[in-house]
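Peer 1: My questions are about this predicted structure, shown below with the sequence.
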Amino acid sequence: MSGQVHPRSGTWCGFLELAGERNNFTLNIAFFSDRKLSGAGRDDVNEFYVTGVWEPTEGKVRMLKHYIGDHDHSTHLDGRITNKGCHVAGKCWGKEKFEMNISDDDQNALSSTWQPQTGTWNGSYRQGGKWYNFTVEIFFRSYGHIIGRGFDSIGHFNIKGLWEGKAVHFTKSYVGADDVIHEGVISNDGTEASGIYRCGKVDIFKIGLCQDTVEESAIIWPRSGRWKGLYVEDKKDIPFTVELHFGLDRFSGKGADKTGTFSMDGTCSGQEVNFRKQYLEKHRHSIGRCHVPFTGCMSRDGQFVIGTYSEKDYFEMRFQV
């Protein structure tokens, strides 16, 4: 809209003055379309995180800065957005000055075709001063939705969320454990993200695309043969097996799951995969429809697919060597 400004998500550098001393900081901050913001950074004192809101019409930002760990301290920051969303300046506690600018690398607008990279991501989160690792298969859909599945020391989990430019937020859902909300910033190349997570207390997480996923090959050759997979239904894993035959740009096959026997027919273009799963007539009453649409992304070795079905829930399937 005319007269509105949307601050840029990314890395910001700045300072705030307290008791006459300048405290420099660097902050990765995400500005979301619901006018909320969050981020994590470091200043001359310690690591910190921010939460708050931004107002597009008046160009205002209101943040609360909290130190992580033993520093029981918080600071109120109120500022105004200028320079096309690349500069914020204002007051700390209504008195002291603060100012921040987005980094040079993040000043340029993203291209219309930019999006994070689908694949296997490895990450870690900090809790109680210790770091814990996790692995997750993430599918970034072109219209901003995220879906995935992973595991860590707690157990298996599913993720659902949204990406808005470089800002990302998703919920990690376990079976039998509390949900964990994540909010962060994606790197310019779409292969890394970092930010804060909330589960009672607030701390830091970071994730990055596996190097094997990044490596490119000229042509993807999907493997014909037996594939095994699963789809998530009501937070439960439903396994299936299917025999697939891949041609140049189409594939088909037959398989079975708990509902019954089905056929698959679809297309593949590069890493993009789209197909319909159609059950035999005698099984259709169990699901209330004759076919189920799937869309996903194939790994570069042609042996793994992750994606969504019926526009919302997660599935994956892997070639059986």
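Peer 2: Cool, got the structure.
Peer 1: Phi, psi for Asp106 please.
Peer 2: For Asp106, the backbone dihedrals (degrees, to the nearest 10) come out as phi -100, psi 0.
Peer 1: helices and strands around the strand or helix carrying Phe151, which ones?
Peer 2: Following DSSP states H and E, the helix or strand that holds Phe151 is strand 145-152. Contact partners of strand 145-152 among helices and strands, from 3 or more CB pairs under 8 Å, 6 or more residues apart in numbering; DSSP states H and E: strand 130-140, strand 156-164, strand 167-174, strand 304-309, strand 313-319. C-beta here means a position set from N, CA and C on the backbone, and glycine is covered the same way.
Peer 1: any idea of the angle it forms with strand 304-309?
Peer 2: Here strand 145-152 points in a direction 130 degrees away from that of strand 304-309 (axes from the mean of the first three to the mean of the last three CA atoms, to 10 degrees).
Peer 1: CA atoms only for strand 145-152 - export them in CSV, please.
Peer 2: Taking only C-alpha atoms (Å, rounded to 0.1, in the frame of the first residue of the first chain), the coordinates of strand 145-152 have been written out as CSV:
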residue,chain,number,x,y,z
HIS,A,145,4.3,-22.8,3.3
ILE,A,146,6.8,-25.1,5.1
ILE,A,147,6.3,-28.7,6.0
GLY,A,148,8.7,-31.3,7.2
ARG,A,149,9.7,-34.2,9.4
GLY,A,150,12.7,-34.8,11.6
PHE,A,151,14.2,-36.3,14.7
ASP,A,152,16.3,-35.3,17.7
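Peer 1: which outside residues touch it?
Peer 2: Contacts to strand 145-152, defined as CB atoms under 8 Å, 6 or more residues apart in numbering, come from residues 132-141, 156-163, 168, 170, 172, 232, 306-308, 312-314, 316.
Peer 1: Which one of the helices and strands packed on strand 145-152 lies nearest to Tyr279?
Peer 2: The closest approach between Tyr279 and any of these, judged by CB to CB, belongs to strand 304-309 at 13.1 Å.
Peer 1: Name the residues of stretch 22-33 that are buried.
Peer 2: Counting neighbours by 16 or more other CB atoms under 10 Å, one finds that the buried residues in stretch 22-33 are 23, 25, 27-32.
Peer 1: separation between Trp14 and Val175?
Peer 2: Let me fix one detail, which is that residue 14 is Gly and not Trp. Taken as CB to CB, to the nearest Å, the spacing of Gly14 relative to Val175 amounts to 42 Å.
Peer 1: Of these two, give the one with the bigger neighbour count.
Peer 2: Gly14 (21 against 11; other CB atoms under 10 Å).
Peer 1: My reading is that Asp105 lies in a helix. Confirm?
Peer 2: Yes - with DSSP: H, G, I helix; E, B strand; the rest coil as the criterion, Asp105 is part of a helix.
Peer 1: list the contacts for it?
Peer 2: 10-11, 188.
Peer 1: pLDDT score for it?
Peer 2: The score at Asp105 is 85. That number is its pLDDT.
Peer 1: So it versus Trp121, what's the distance?
Peer 2: With the distance defined as CB to CB, Asp105 ends up 21 Å from Trp121.
Peer 1: The nearest residue to Tyr125 once chain neighbours are set aside bridge partners, please.
Peer 2: Closest residue to Tyr125 in three dimensions, ignoring its sequence neighbours and counting by CB to CB, 6 or more residues apart in numbering: Phe205, at 4.1 Å. Per DSSP bridges, the residues bridged to Phe205 are Tyr125, Gly195.
Peer 1: For Phe205, grab the count of nearby residues.
Peer 2: The criterion is other CB under 10 Å. On that basis, Phe205 has 23 neighbouring residues.
Peer 1: Hmm, Trp131 and it touching each other?
Peer 2: No - Phe205 sits out of contact with Trp131 when judged by CB atoms under 8 Å, with a separation of 9.7 Å.
Peer 1: list the residues that contact both of the two?
Peer 2: Taking CB under 8 Å, 6+ apart as the contact criterion, the residues that touch both Phe205 and Trp131 are 124-125.
Peer 1: and Gly155, what is it in contact with?
Peer 2: By CB under 8 Å, 6+ apart, the contact list for Gly155 reads 174-177.
Peer 1: Can you say which of those are buried?
Peer 2: Burial by neighbour count, 16+ other CB under 10 Å: within the contacts of Gly155 this picks out Tyr174.
Peer 1: farthest-separated two in the contacts of Gly155?
Peer 2: Across the contacts of Gly155, the longest distance by CB to CB is 7.3 Å; it joins Val175 and Ala177.
Peer 1: Show me the shaky parts of the stretch 201-321 of the chain.
Peer 2: Confidence mapping of the stretch 201-321 of the chain against pLDDT under 70 gives the ranges 212-218, 281-290.
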